[in-house]
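[1] Predicted model follows, preceded by the sequence.
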Amino acid sequence: MDDYYDVLEVIRQASYEEIKASFQKLALANHPDKSNEPHAAETFRQIHAAWKVLGDANSRAAYDETLTNEDHVGANAEEVPLGDFERSGNMYSKHCRCGSSYEISQEDLDEGYQLVQCS
């Protein structure tokens, strides 16, 4: 998964205003209706996914926490195919070894999310 700060071309200490301005500039430049680049739609989806996380204070704080703990969590992280998740309507879930569960919606998957934490 790409670092959302890299996707939006800002530093991790960027203000909300700086993140928003970069999102708007990149979204306009990469909008599939405005760009002739062959991968504009995918780039636009990545930009939108990054904005969805970094544009919301709570989501950004949770994302920053995952980045802060990346080295520590890396030893415990595992890649799990979506087929291992149980589907119920629009939601996918899988039990975690800690007793909690991982959950992700089809909408999040459609927007490019690939990383979930147990809740």
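    Yep, that arrived. Numbers count the residues shown, from 1 in each chain.

[2] tell me which helix or strand of this protein sits lowest on mean pLDDT?
    Using mean pLDDT, DSSP states H and E, the weakest-scoring helix or strand in the chain turns out to be helix 70-74, at a mean of 50.

[3] Let me see the ranges of the strands in the chain.
    Assigned by DSSP state E, the chain shows strands spanning 86-88, 91-95, 101-105.

[4] Just the pLDDT at the residue with the largest distance to the centre of the chain, thanks.
    Distance from the centre of the chain peaks at residue 36, with 25.0 Å (CA atoms, centre = their mean). On the pLDDT scale, residue 36 is placed at 85.

[5] Mind listing what's buried along stretch 32-49?
    Neighbour-count burial for stretch 32-49 flags 40, 43-49 (criterion: 16 or more other CB atoms under 10 Å). From N, CA and C alone the C-beta is placed, and that goes for glycine too.

[6] In JSON lines, list those residues along with distance to residue 64.
    Shown next, in JSON lines, are those (distance: CB to CB, whole Å):
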{"residue": "40", "distance to residue 64": "28"}
{"residue": "43", "distance to residue 64": "23"}
{"residue": "44", "distance to residue 64": "24"}
{"residue": "45", "distance to residue 64": "22"}
{"residue": "46", "distance to residue 64": "18"}
{"residue": "47", "distance to residue 64": "19"}
{"residue": "48", "distance to residue 64": "19"}
{"residue": "49", "distance to residue 64": "16"}
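
[7] out of these, which one sits closest to residue 65?
    residue 49 (17.8 Å; CB to CB).

[8] Provide the contact partners of stretch 27-39 at residue level.
    Contacts with stretch 27-39, where a contact means CB atoms under 8 Å, 6 or more residues apart in numbering, come from 40-41, 43-44, 47-48, 51.

[9] between those, which is nearest residue 25?
    The shortest approach to residue 25 among these belongs to residue 47, at 9.8 Å (CB to CB).

[10] which regions of this protein sit below the pLDDT cut-off?
    Under the criterion pLDDT under 70, the flagged ranges of the chain are 1, 69-78, 119.

[11] mind running it again at 50?
    71-74 (pLDDT under 50).

[12] Quick one: the helices in it, in order.
    4-7, 16-30, 40-54, 57-68, 70-74, 106-110 (DSSP state H).
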